[in-house]
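A.B. asks: Here is the input, now give the coordinates:
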Amino acid sequence: MSFYNNIDFESLIGHTTIIYGEIDTKKTFYTANLIRFLLEDKQINPKEISILDFAPHLMMIKGKKIAGKIKDFYKKSKSCNYLNLQGEIIPPRLNAKNREELYRNANHNYKLTLKLLKKFAKKPTSILIINDISIYLHFGDQKFLLKAIKNCETFFGNSYYGNSIKCDFAPEFNLKEKQSIENILKEVENSFKTT
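C.D. replies: Okay, the predicted model is just below:
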């Protein structure tokens, strides 16, 4: 099922949802719009909304937008329980010249994202938002992620799922990413592909 601008955000409250797709298909933009809806239309207490932002900083490659933080798209998201990373996410494939660098980058990201998931697990809120799930899934335990997802009333996440970012020196990395995301998609109530 595809995800469009006129999605009924109301219908996602109380459910688990992931949007997924290629780069530059507005995944973070839609996620930020959901947060805007929760804060401004539904008047939900911002401290009931936890945001785990696993995305690298916004960048342009060959005229396409890649990554980007939720707060880049909606400044008021910072009023939520916006759990901050203790370091910077490295775009694993884009910043790697070989297989060793790729896995070192992915491991660095895994350590950062795992800390945030553990922090959320200690003090969960009724709403959980995760930006760029694939960053965690490169090395992360799917069961631990699913436990966090199922430990809240409303979950909304987004994930890269495509062929635009790949590396020839580690095809198994690309395959594992796709398979991990497909496994998670089977476990949530709603999944929408962005186009």
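A.B. asks: Can you list the buried residues in the longest helix anywhere in the chain?
C.D. replies: Looking across the chain with DSSP state H, the single longest helix is helix 99-122. For helix 99-122, a neighbour-count test (16 or more other CB atoms under 10 Å) marks 101-103, 105-106, 108-110, 112-114, 116-117, 120 as buried. C-beta here means a position set from N, CA and C on the backbone, and glycine is covered the same way.
A.B. asks: between the residues you listed, which is nearest residue 151?
C.D. replies: The shortest approach to residue 151 among those belongs to residue 120, at 8.2 Å (CB to CB).
A.B. asks: Any regions of the protein where pLDDT drops low?
C.D. replies: For the chain, applying pLDDT under 70 flags the ranges 1-6.
A.B. asks: all helices of it, in order?
C.D. replies: Using DSSP H, helices in the chain cover 27-36, 70-73, 99-122, 133-137, 142-150, 171-185.
A.B. asks: can you tell which of those is closest to residue 162?
C.D. replies: helix 171-185 (9.0 Å).
A.B. asks: relative orientation of the closest one and helix 142-150 in degrees?
C.D. replies: Counting by axes from the mean of the first three to the mean of the last three CA atoms, to 10 degrees, helix 171-185 lies at 30 degrees to helix 142-150.
A.B. asks: got the angle between helix 171-185 and helix 99-122?
C.D. replies: Using the same axes, to 10 degrees, helix 171-185 lies at 20 degrees relative to helix 99-122.
A.B. asks: hmm, who's touching helix 171-185?
C.D. replies: 18, 20, 92-93, 102-103, 106, 133-134, 137-138, 142, 145-146, 159-161, 166-167, 191 (CB atoms under 8 Å, 6 or more residues apart in numbering).
A.B. asks: go with 6 Å
C.D. replies: Contacts to helix 171-185, defined as CB atoms under 6 Å, 6 or more residues apart in numbering, come from residues 134, 137, 142, 159, 161, 166, 191.
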